[in-house]
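J.: Turn this into a structure:
(4 chains)
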There are 4 protein chains.
Amino acid sequence: MITDSSELDSLEAQARARLTPGAYAFIAAGAEDEISVRDNVVAWQRLRLRPRVLRDIASIDTSTTVLGAPVATPIMVAPTGRHRNYHPEGEAATARGAATADAAFVLATSSTVSFADVAAEKRSAPQWFQLYMPPERDVTEDLIDRAAAAGFQALVVTVDQPVAGSSPRARRDPLEVSPDVRHVNLAGQPIARNAYDPSNQAVVRFPATFRDLEWMARRPIPVVVKGVLRADDAVRCVEAGARAVIVSNHGGRHLDTAMPSAEALPEIAAALAGKAEVYVDGGIRRGTDIVKALALGADAVLVGRPPLWGLAVHGADGVAAVLAHLRNELVRTMALCGASRLDELTADLVAPPRY
Amino acid sequence: MITDSSELDSLEAQARARLTPGAYAFIAAGAEDEISVRDNVVAWQRLRLRPRVLRDIASIDTSTTVLGAPVATPIMVAPTGRHRNYHPEGEAATARGAATADAAFVLATSSTVSFADVAAEKRSAPQWFQLYMPPERDVTEDLIDRAAAAGFQALVVTVDQPVAGSSPRARRDPLEVSPDVRHVNLAGQPIARNAYDPSNQAVVRFPATFRDLEWMARRPIPVVVKGVLRADDAVRCVEAGARAVIVSNHGGRHLDTAMPSAEALPEIAAALAGKAEVYVDGGIRRGTDIVKALALGADAVLVGRPPLWGLAVHGADGVAAVLAHLRNELVRTMALCGASRLDELTADLVAPPRY
Amino acid sequence: MITDSSELDSLEAQARARLTPGAYAFIAAGAEDEISVRDNVVAWQRLRLRPRVLRDIASIDTSTTVLGAPVATPIMVAPTGRHRNYHPEGEAATARGAATADAAFVLATSSTVSFADVAAEKRSAPQWFQLYMPPERDVTEDLIDRAAAAGFQALVVTVDQPVAGSSPRARRDPLEVSPDVRHVNLAGQPIARNAYDPSNQAVVRFPATFRDLEWMARRPIPVVVKGVLRADDAVRCVEAGARAVIVSNHGGRHLDTAMPSAEALPEIAAALAGKAEVYVDGGIRRGTDIVKALALGADAVLVGRPPLWGLAVHGADGVAAVLAHLRNELVRTMALCGASRLDELTADLVAPPRY
Amino acid sequence: MITDSSELDSLEAQARARLTPGAYAFIAAGAEDEISVRDNVVAWQRLRLRPRVLRDIASIDTSTTVLGAPVATPIMVAPTGRHRNYHPEGEAATARGAATADAAFVLATSSTVSFADVAAEKRSAPQWFQLYMPPERDVTEDLIDRAAAAGFQALVVTVDQPVAGSSPRARRDPLEVSPDVRHVNLAGQPIARNAYDPSNQAVVRFPATFRDLEWMARRPIPVVVKGVLRADDAVRCVEAGARAVIVSNHGGRHLDTAMPSAEALPEIAAALAGKAEVYVDGGIRRGTDIVKALALGADAVLVGRPPLWGLAVHGADGVAAVLAHLRNELVRTMALCGASRLDELTADLVAPPRY
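T.: Sure, this is the predicted structure:
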């Protein structure tokens, strides 16, 4: 279905043609001038590979664990919202595609499919649940309990959206609200009003602090903090109980000109080495990007927009195809870099751009 | 009226459509190849933000003081000339818009509305008066006395235009001279002939020196020096009695390829720390620009062209809308950076561009 | 036939017009986004020359030796495959053109002309044989023996293609398979199936290791390792018995965003100084590129695509013309840099780009 | 005639419209890809000015001396050839324009007007004579004697053209040879055949060495060496008797990707400080370029192409207008930088580009 990188790019064009303008814009949108959207991609591109030769690569192994759970690939599906806007089966299809690829799947707060229906798609790879931290702890606790009961094995707490960014693109092509596409896991709760809505100016919505994180870290399933760009904050997250940190600028959707995640990764990986897992998302489109991320210290990567392109065009099969394609590229890049296991992807494989 | 950053950009296009070519060119013009005009904007864009997460941002406070006067926002209206060329109410409308936004307003020497009529628009935020230092001290003293009597609380002395720059754009589309648009505060004085006129080749017009600044600093109201790009000069200005310095290259209007103010700011802020206030203008178009400026040591910023776009299209309401929009963006950016007060905007929030 | 650098560029356009789309794409193709294809060229362009003046350049001598064999020029023909797709005489014509220019010629594994017919074109300059290291040592040994018997004086072992890269361009315009264009030196051997085929996804094909290199270094003719981008690997190659190393990213054909060879060269040249010869290929299109390469430590350069353009348009004469043109440019550049012999091309002639 | 920098740019367009394609190409041509032609201009543009404020600039003085001769301006006319191809009066008109501007004029070897007729245009500012060093010393000595007898006060020895570069542009639009446009000062001498001719491949023509320079430095008039890009060579030139050095890459005409003169200047100025004068040419188009050059250590600058545009369009008046315009820009830039004399243009006025 996807045979080379140009077909991944053309998948985006196909998704755009098939979706409503508002649905496509909701996927593509970045904050303000979309500088961080572009820079996220470019920052990986500009890093240069220093491949090793004549290593034993007779068998290439991309398997690893995330928070102790074995997965076939260090590529996870990032949490993104409202999948029924892109495909009738919504998050169930996305989860099925991830399961087919044996890739970890992160369900968003703004899921349009119920916990149970998503959980039914789980196979070997873990499913995690992403949530914001609204002020109402009882709401949060209920959400966590229901997610955990459904089988979600970790909480991914998004911390880089205390308020929503402003996206001219999303405002120009607003997401059409369909009565039958609802945040079904939030029914009747105030947080339902707070999901990403670029028409909603800067109201403080999720003013969580490290104290809230400490509370959340005491819930029954482990906590991953998503949206950290500084080593000092990453260390504080771990001290507050986080088991992993996702280096991310939220795909450039909230704070334009935020540092590209590729550039923030090394200092955070260095600070957390041996203390917590480190993942990264933002702009990952090629197997070479994944190798660079892992070489710079990430334990895994997440991809957000590409699976949605697959979902929009081919449903669950499209999601699986995108993940399989990226894993194929990872395998090829590892071979070309002389690495047969992920732990052989070390920092000496990457050089900074000269200019 | 302005809901996102793209609408601030389109406001410029609307102003252009509404103004005469000469009036628009007078706003837009930069010296020579307009390299500094562009670089002023780009220099802010390229700085990268390193946001903090999980900080207490339940309430965001943008209030501060400038020269001791409380203001709701660290965004001031920079001095620009001849507003009646853009709107019938001229500087009175601009001042009203600033007052509505509780933002400090700086009236230019080349105002086309009288001191009294501008001062009548004052509400809480201060009004300051910008002037050049012509050789004739009696003229200057008279101007200062009249401005101070009208209630202007500080003098902003522009020092980066000892001669006028040359603008091919302004020469191509010259400002039409209308008999009823006059520099009313300069009536009958020789300085009236000296205001920015790009058709006027390099005659030395305002050959003031630090000695003149010392004299001016002894007038009854405090002096702010505008147009400094070097730490050594900034220190000398303060030693000569200045209470604040505005890091500026005059919006790129006089010396092309002058250092962008974003790049000159850090060394000046470091040199004046604890000794004088530091403001900056030039290329500020986004809330992220403002956060970067304050993080790099500015106590406040000034915006020049954007309020004129608002003035040209919507009069006083347009000015107020531009200032409100920028303050909204400042609030959102502070929230996204984990800062609830301006003094939490510190240098670690900003990283230089990698390439 | 080629009088200046613009005519070398237009030769590519002529070749494109004359070849089938698949044949042209096979020459031009790079991996993925072809970033390395472009960067290879740009990396040489951006280096700056610091020419010497008033040196004695009455006679300019470009002669040198490669692995002890005298050649008139430090420009070698890189191994490239399937020449009968470009010209009926195939590799025989290419070899004749190289011989005319007294330039070393490297025959590819995927030659479409027999060892004997290529060897018949040899004159003074050496002919070498490029090969991959398939797992079957008996096949390799047979190949080596036949090449050596035919007079090929060295083995160029390509180590940067353990698997094939993925080229969207080559997939879009696939190389037409013609029954009479065969890998004649591989007839009946499994390696014939393994030559560069971008439709063939990442199967590990040439999983050779340093141990295989040690074995190969014990064959009767010396070994040159092609495709090294790191000093540590270059040193290991020499320790394993290699007599020379070619700094190369395979013309950007396999691992996109691999470091440009111009940037990898200095560290490798420094590491091998006095121990082995160092050559470089990738993006060399001008005499100034060659001077920079030699100044940065290369003993010779290889060119891949330009001779193929000459072959496609003018056959053997075109190959000779390309090589003569590049040597003319080398002579002129040496004169303009104040160097009369290749050993006067030292690192102080080159400065890195400022921006 | 020229009122701002855009009119200097449009003068080039007017010259192009008026000249034959070959004549225009002869002016504009650079070697190979014309990278150095562009970079010469861009390198000045990208340097940033750090202007001083509140300095005494009541009177701006651009006068200086070159080799002891007083001139009103540090802007000299660089040697360029064959002016009768651009204007019927040829070098006589150029010399008259320079004299009008009180600017030093350098006559080229390939002048199409006699020594006497050029010398007749001299007024206060000096005239110098540019020459190559052909192997035949008697020819050179005769040239020098005749130039000195005509009143030329210094020899400008061009050392960066031991062979001619290759210009695809000049080859595409060859200079038409007119029987009445001759190198009149070279009549009957072999050097006449050797002047810049891009159709003439890399023959060594002016293989002069430091020994030849020593000989030339013993002639009756002082020697200036033109075409040095390295401090070590500049020092050797002075040790061999040169009284001044011109940092230059020959306007990018011979060695493409040679270091821009703006970048080579600082190291040479530092090496020759107190020992010899340093001039610079290449890409100077604005008053800001001149201030940067002088701030970085140049005692004067030379301009090559701009006076030819003036000559082609307006004859002697055009040359004078170009020089007056550049001096006006120099005056304005000095005022805007707070400098009233050339010796106040020091290195702290310039900062390197950030990116």
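J.: A:Asn40: what's it in contact with?
T.: For A:Asn40, the residues meeting the contact criterion (Cβ atoms under 8 Å, 6 or more residues apart in numbering or on different chains) are A:Asn249, A:Gly251, A:Gly252, A:Pro260, A:Ser261, A:Ala262, A:Gly282, A:Gly283. C-beta: built from backbone N, CA, C; applies to glycine.
J.: Tell me, what's the model's pLDDT at the second one?
T.: Put plainly, it is A:Gly251. Among the per-residue scores, A:Gly251 shows a pLDDT of 98.
J.: again, but for the fifth one
T.: Among the per-residue scores, A:Ser261 holds a pLDDT of 98.
J.: could the contacts of A:Asn40 go into TSV alongside secondary structure?
T.: Below are the contacts of A:Asn40 laid out as TSV (DSSP: H, G, I helix; E, B strand; the rest coil):
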residue	secondary structure
A:Asn249	coil
A:Gly251	helix
A:Gly252	helix
A:Pro260	coil
A:Ser261	helix
A:Ala262	helix
A:Gly282	coil
A:Gly283	coil
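J.: If we check chain B, which of these are in contact?
T.: Among those, the residues within reach of chain B (Cβ under 8 Å from any Cβ of the partner chain) are A:Pro260.
J.: quick check, nearest of the contacts of A:Asn40 to C:Glu12?
T.: Of all the contacts of A:Asn40, A:Gly283 has the smallest distance to C:Glu12: 32.8 Å, by Cβ to Cβ.
J.: how far away is the closest one from A:Glu277?
T.: Applying Cβ to Cβ, to the nearest Å, one obtains 20 Å for the distance of A:Gly283 from A:Glu277.
J.: Compare neighbour counts for the two and give me the winner.
T.: Comparing A:Gly283 with A:Glu277 by neighbour count (other Cβ atoms under 10 Å in any protein chain shown), the higher total belongs to A:Gly283, at 27 against 21.
J.: Give me the secondary structure label for the residue in the stretch 201-350 of chain A that chain C sits nearest to.
T.: Here the stretch 201-350 of chain A gets closest to chain C at one residue, A:Arg332, 3.7 Å apart by Cβ to the nearest Cβ. Following three-state DSSP, we place A:Arg332 in the helix state.
J.: Low-confidence ranges, the stretch 201-350 of chain A, go.
T.: Along the stretch 201-350 of chain A, the model assigns pLDDT under 70 to residues A:201-205.
J.: helix or strand for the nearest residue to A:Pro174 once chain neighbours are set aside, which one?
T.: With sequence-adjacent residues excluded and distances taken as Cβ to Cβ, 6 or more residues apart in numbering or on different chains, A:Pro174 is closest to A:Gly22, at 5.2 Å. The secondary structure element spanning A:Gly22 is helix A:21-28 (assigned by DSSP states H and E).
J.: what's the angle between the following helix or strand past that helix and helix B:35-46?
T.: Later in the chain than helix A:21-28, the nearest helix or strand by DSSP H and E is helix A:35-46. Using axes from the mean of the first three to the mean of the last three Cα atoms, to 10 degrees, the inter-axis angle of helix A:35-46 relative to helix B:35-46 is 80 degrees.
J.: pLDDT of the helix holding A:Gly22, averaged?
T.: Along helix A:21-28, the predicted confidence averages to a pLDDT of 97.
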